Every structure is written in structure tokens, then in C-alpha cells.
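*Asks:* what's the 3D shape of this:
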Amino acid sequence: AEIGRDKAVALFPRDVWSPPVVHPDAGTVWTAGSKVKVVWDTSTRPSHVTNWEGRVVLGHYEDGDDTNEHLDFDHPLAEGFNLTQGHVNVQVPNVSPSNEYIIVLFGDSGNRSPKFTIVD
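*Replies:* Presented below is the predicted three-dimensional model:
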């Protein structure tokens, strides 16, 4: 059957929710191999969210260049969790020590943490 132009199609609003990352913050120091909690603020959650499924990836900056986040999409720290939880526990990967790390929380949108430190 052909869909004619006279057929009404219901459109639903698509709310984009980008909850701010609360932890880690600029004063955070994680130790490689340890278990830590990533936390975000759920107080601004809209009633209708397009995608409730979250993903957290680690990234880092190099040589003072804050435009390239070097996100490690191949090795997410966590995925498949419900964003309404407001947190997820992750294991810190064994990476080179630096104070240029970030995490990005994905769901409807991506939201980046401030830079933080990972040590041995």
C-alpha cells in the first residue's frame, strides 16, 4: 500500500538530555586498576528522553591541545546502563599517568567532565 500525502503522521517531541558530569572533577585523582564511581546530575531529566542507555568513555588531551579529546570508543569504561541512575561504577584502565584525562558520558548527547588525573 502506498502512503499518500493525506495521511497524518504523529510526531513526538525528541528531548535531548545532557546531564552534567559531577565526578570526576578537576580535583579528582584516580589510580590505574582501581574501581571508581562516575556521577552525573539527574535533576534536569525531562519527562521524555529519546535514549536512556548510557555509555562512558575515557579520553585525554595532548600537548595542550584541548580540541582533540582522543576518546577511546573501542574500550568504553561502561555501557548499556540507564542514565537515570545518576552513576556507574567503572574500573580505571592501566594507562600512562597524566593530569589530562576526561570522561565523556553519552546517551542522548555527550557531556564531558573537567580534566582530572590518573596515577599508577
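*Asks:* where does V119 fall, phi/psi-wise?
*Replies:* Main-chain dihedrals, V119, degrees, to the nearest 10: phi -120, psi 170.
*Asks:* ignore the last one, N89
*Replies:* Per degrees, to the nearest 10, the backbone of N89 is at phi -90, psi 140.
*Asks:* I figured it hits K35, correct?
*Replies:* Yes - counting by CB atoms under 8 Å, N89 touches K35, with 5.9 Å between them. Heads up, the C-betas are built off the backbone N, CA and C, glycines and all.
*Asks:* separation between the residue minimising distance to the centre of the chain and P76?
*Replies:* In the chain, the centroid-proximal residue (CA atoms, centre = their mean) is L105; its distance is 0.5 Å. Distance, L105 to P76, by CB to CB, to the nearest Å: 11 Å.
*Asks:* anything in contact with each of the two?
*Replies:* 55-56 (CB atoms under 8 Å, 6 or more residues apart in numbering).
*Asks:* Neighbouring strands - and their directions - for the least confident helix or strand in the chain by mean pLDDT?
*Replies:* The weakest-scoring helix or strand in the chain, judged by mean pLDDT, DSSP states H and E, is strand 110-112 (a mean of 86). Take DSSP bridges as the rule and strand 110-112 pairs in its sheet with strand 98-106 (antiparallel).
*Asks:* Contacts for the strand it pairs with, please.
*Replies:* So strand 98-106 is in contact with 19, 21, 24, 30, 38, 40, 54-62, 69, 71, 77, 83, 95, 110-118, going by CB under 8 Å, 6+ apart.
*Asks:* just how off-centre is that strand within its chain?
*Replies:* 9 Å (CA atoms, centre = their mean, to the nearest Å).
*Asks:* So which bits of it are buried?
*Replies:* 100-106 (16 or more other CB atoms under 10 Å).
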